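Student: model the structure of this input:
(2 chains)
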Protein chains: 2
Amino acid sequence: MNKVRLGIFGATGKVGGELLRLLEQDTNFPIEGLPKLFGSARSAGKLISFKGEQIAVLNSIPENIVELDLIISCANGEVSETLVPEALKRGVKLVVDSDSFYRMSPTVPLVTVGVNDEDIDWHQGIIAGPNCSTAQLVVPLKALHSIFGLKRVVVNTYQSVSGAGKAAIDSLFEQCREITTKFTPETLDLKQLKENDFAFNVIPQISKMQDSGYTKEEIKVITETRKMLHVPDLAITCTAVRVPVFVGHSESVNVQLYNNFNLPDVYEVLKSCPYIQLWENFDFFPTPVTAALTEPVHVSRVREDKSADNALDMWVVADNLLIGAALNALRIASEAIKRGKV
Amino acid sequence: MNKVRLGIFGATGKVGGELLRLLEQDTNFPIEGLPKLFGSARSAGKLISFKGEQIAVLNSIPENIVELDLIISCANGEVSETLVPEALKRGVKLVVDSDSFYRMSPTVPLVTVGVNDEDIDWHQGIIAGPNCSTAQLVVPLKALHSIFGLKRVVVNTYQSVSGAGKAAIDSLFEQCREITTKFTPETLDLKQLKENDFAFNVIPQISKMQDSGYTKEEIKVITETRKMLHVPDLAITCTAVRVPVFVGHSESVNVQLYNNFNLPDVYEVLKSCPYIQLWENFDFFPTPVTAALTEPVHVSRVREDKSADNALDMWVVADNLLIGAALNALRIASEAIKRGKV
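Tutor: All right, here's what the predicted structure looks like:
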């Protein structure tokens, strides 16, 4: 396999950090020399250690995009909009973009590896990775869809604050510290909690509200799932909720299938997916704490739902910073290289 | 209205405490003298202040059940099984029981006031109140069912730890204090979190697992909803999940109706229920922190779900210690007195 010259946009952020950690471990990724790391003007010049070397962060300006074949972007929508086209103009063959900016563009493949790898082949310079809550959802949905056919999906999320970035992690942490050091369980005054805080609360809104009454996050889950499964009219609804968890998204998924099934067959189908860890025993359930820092999509509590024909409920947990961002981006890049698409 | 001689089982617990607080405020409740308060042998003799008086807690033994018309039991299943029949033998005309022990008995009405008050009329000495997660759910479901007909319901809960009692509140509090005082957001080591702890975690199991793969809590939601709505074969499934919240249960409810609707009509139906506070504006969402210490069932995010005919999603939040326990028990007692059933 040819080695590629790699650049990383947003290298100093939470997802960028996870990506670098994964790259250090992944001895098979065919990188030529050291990656070029890009950050904001403020981060420029900062040193980041990578495989024993110190790499200086470059300012994210077009002039610094030189001699690169592949860029993985873990930055924001503004970088996607302005800098990604510049990168393509400057000879970069592929940008794998974690942001939402290009996801629904008909000329950009949206890919979760293990779900629709074949879409990598038709890229025109950009491949997008999905929203974190979609990424872990489509893996078991694709496995079920291939064999049984998806008729309708009802998803409820329990999303960690790390999906909202470092500031959200800090807020949850400090809010919890303040409450638990100011009070005891006996003196705890519930009126001191704030209804918009993350601490000891659940927030039924992630991202902006749309006129339909669904949030942008919920619309992402719906439209991105349809695009990756190639079922443009898939019947699917979603309620996306933030919970006071640092890392790890959980999803309760109710699925109606077209075909009859028995549970052992469903288990076989799910187990045959290399990206899924299936927990068959009802005595153990992975939680977000179980899933944090692990690579699989953990699927458990798969049970028959008698409230509809051919229906089941399942519990899907994964590390939103990994499968939901850095790990999937790295897998897309690896798969594109393998397919000669870089 | 005749005044009743009231006894309270489990008066020293969390729900018992809420009940006493409500009774102090409710000047219309026709109580004769002071209530008799019952607790465990360990609590016996303890003084509890009520409307400026000090009441000594009585040991929960049959001999202490004298000169009472009405008992509200906020104790456990053992008290329900052993002491409630004793109370009836000793002349008590009605026991309102918060525990699950009698709920599904065909000779015991299971009542949420505002949903099926008429079932109070056929009691034979015991009326049960529902599980906390069911109590808040059936209020909007009943309103919708009356007009549009329920076809299928998919419920996902986000339940606070207070539903698991005082020890659970203490655990969540102490676990959060330990983590946030031992680390900073920067040094936080996710591996120090425990996968069965409440802190910064969600636990997809409440109560015991059944062979079907559903938990006892989920079965309660399903069977109690059917009983109170008088729809024994209602198509309903549930996933019940514990979240790190002190007080206030949240529920994401997907409903398929038999009849066509438009949203303004649905809003009118929900608003016409005196126990519901409807939040029509999509810009504001009640959270469990909003709902804690308040009496209504807060319904928000009511939106059309295009994934099925006549479907909608909604977000239902309430104080699980009030509508889910003490408040509903007190309302049952009041309504029974009003109907001459004590």
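
Student: which residues are in contact with the lowest-mean-pLDDT helix or strand in chain A?
Tutor: Within chain A, confidence by mean pLDDT, DSSP states H and E is lowest for helix A:14-25 among all helices and strands, at a mean of 94. By CB atoms under 8 Å, 6 or more residues apart in numbering or on different chains, the residues outside helix A:14-25 that reach it are A:8-11, A:29, A:31, A:35, A:37, A:39, A:48, A:50-51, A:72, A:74-75, A:98, A:162, A:165-166, A:321-322, A:325-327, A:329-330. To be clear about C-beta, it is placed using only N, CA and C from the backbone, and glycine gets the same treatment.

Student: need the helices for chain A, in chain order.
Tutor: A:14-25, A:77-89, A:132-148, A:166-182, A:216-229, A:263-271, A:288-291, A:327-338 (DSSP state H).

Student: could you give the mean pLDDT of the third one?
Tutor: Read it as helix A:132-148. Mean pLDDT, helix A:132-148: 98.

Student: ok so, going back, restricting to C-alpha, output the least confident helix or strand of chain A in CSV.
Tutor: Extracted as CSV, the C-alpha positions of helix A:14-25 are listed here (Å, rounded to 0.1, in the frame of the first residue of the first chain):
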residue,chain,number,x,y,z
LYS,A,14,-11.1,16.5,21.8
VAL,A,15,-11.8,14.5,18.7
GLY,A,16,-8.4,15.5,17.2
GLY,A,17,-6.7,14.2,20.4
GLU,A,18,-8.5,10.9,20.2
LEU,A,19,-7.5,10.6,16.5
LEU,A,20,-3.8,11.1,17.3
ARG,A,21,-4.0,8.5,20.1
LEU,A,22,-5.5,6.0,17.7
LEU,A,23,-3.0,6.8,15.0
GLU,A,24,-0.1,6.2,17.4
GLN,A,25,-1.5,2.8,18.2
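
Student: quick check: buried residues in that helix?
Tutor: Using 16 or more other CB atoms under 10 Å in any protein chain shown as the test for burial, helix A:14-25 gives A:14-20, A:22-23.

Student: likewise for stretch A:23-33?
Tutor: For stretch A:23-33, by 16+ other CB under 10 Å, it's A:23, A:29, A:31.

Student: so of the helices of chain A, which one's packed in deepest?
Tutor: The highest average neighbour count among these, using mean count of other CB atoms under 10 Å in any protein chain shown, belongs to helix A:288-291 at a mean of 26.

Student: distance check, the residue nearest to A:Trp315 when sequence neighbours are not counted against A:Ala199.
Tutor: Sequence neighbours aside, A:Arg301 is the residue nearest to A:Trp315 in space, at 4.1 Å (criterion: CB to CB, 6 or more residues apart in numbering or on different chains). Distance of A:Arg301 to A:Ala199, computed by CB to CB, to the nearest Å: 27 Å.

Student: for A:Val111, find the nearest of the helices of chain A.
Tutor: If you check each of the helices of chain A against A:Val111 by CB to CB, helix A:327-338 wins as the nearest, at 5.3 Å.

Student: how far off helix A:14-25 does that closest one point, in degrees?
Tutor: 50 degrees (axes from the mean of the first three to the mean of the last three CA atoms, to 10 degrees).

Student: for helix A:327-338, packing partners?
Tutor: Other helices and strands packing on helix A:327-338, by 3 or more CB pairs under 8 Å, 6 or more residues apart in numbering or on different chains; DSSP states H and E, are helix A:14-25, strand A:70-73, strand A:94-97.

Student: many thanks, I have nothing further to ask.
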